[in-house]
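Enquirer: Attaching a predicted model along with its sequence, questions to come.
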Amino acid sequence: QVQLVESGGGLVQAGGSLRLSCVASGSIFSLNAMGWFRQVAGEQRELVATITSGGSTNYADSVKGRFTISIDNAKNTVYLQMNSLNPEDTAVYYCNANARRRWNTGYQIYWGQGTQVTVSS
């Protein structure tokens, strides 16, 4: 199996910063991308940012210029540096990974359990 564990969430005031981390572990042959999504209760989960193992990034328009995603391939870890946070960023943040467990299997998406980020005004 592949496990993803997020950390770094919490309560912060508007204008503040947080750094999220997500470590992928278990039976991993290779990872080709990781990402962050967020979800507010009662709403759809939405993309925040993704990054490939080669470093190509993609961001939601709402976070461009404020959030930065990075990856440490050696540690199977993805980070999300969040600056200039505002109350609209409040959500549960989920990490995902596109990974394969063996050389002869396809890639699958795996999800973490989520970490709460709350931004107070």
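Expert: That came through fine.
Enquirer: Which of the three states applies to the residue located most distally from the centre of the chain?
Expert: The centre of the chain is farthest from one residue, Asn104, which by CA atoms, centre = their mean lies 26.7 Å away. With DSSP: H, G, I helix; E, B strand; the rest coil as the basis, the three-state label of Asn104 is coil.
Enquirer: Leaving out sequence neighbours, find the closest residue to Thr50.
Expert: In space, and not counting its chain neighbours, Thr50 is closest to Gly35: 3.5 Å by CB to CB, 6 or more residues apart in numbering. Placement of C-beta: from N, CA and C, glycine included.
Enquirer: and that neighbour, what element?
Expert: Using DSSP states H and E, Gly35 sits in strand 30-39.
Enquirer: Show me which residues of that strand are buried.
Expert: Leu31, Ala33, Met34, Gly35, Trp36, Phe37, Arg38 (16 or more other CB atoms under 10 Å).
Enquirer: for stretch 21-32, same thing?
Expert: Ser21, Cys22, Val23, Ala24, Ile28, Leu31.
Enquirer: Take these and keep only those in strands.
Expert: Those of the buried residues of stretch 21-32 mapping onto strands are Ser21, Cys22, Val23, Ala24, Leu31, per DSSP state E.
Enquirer: re earlier: from the buried residues of stretch 21-32, which two are the most distant?
Expert: Greatest spatial distance among the buried residues of stretch 21-32 (CB to CB): Ser21 and Ile28, at 16.8 Å.
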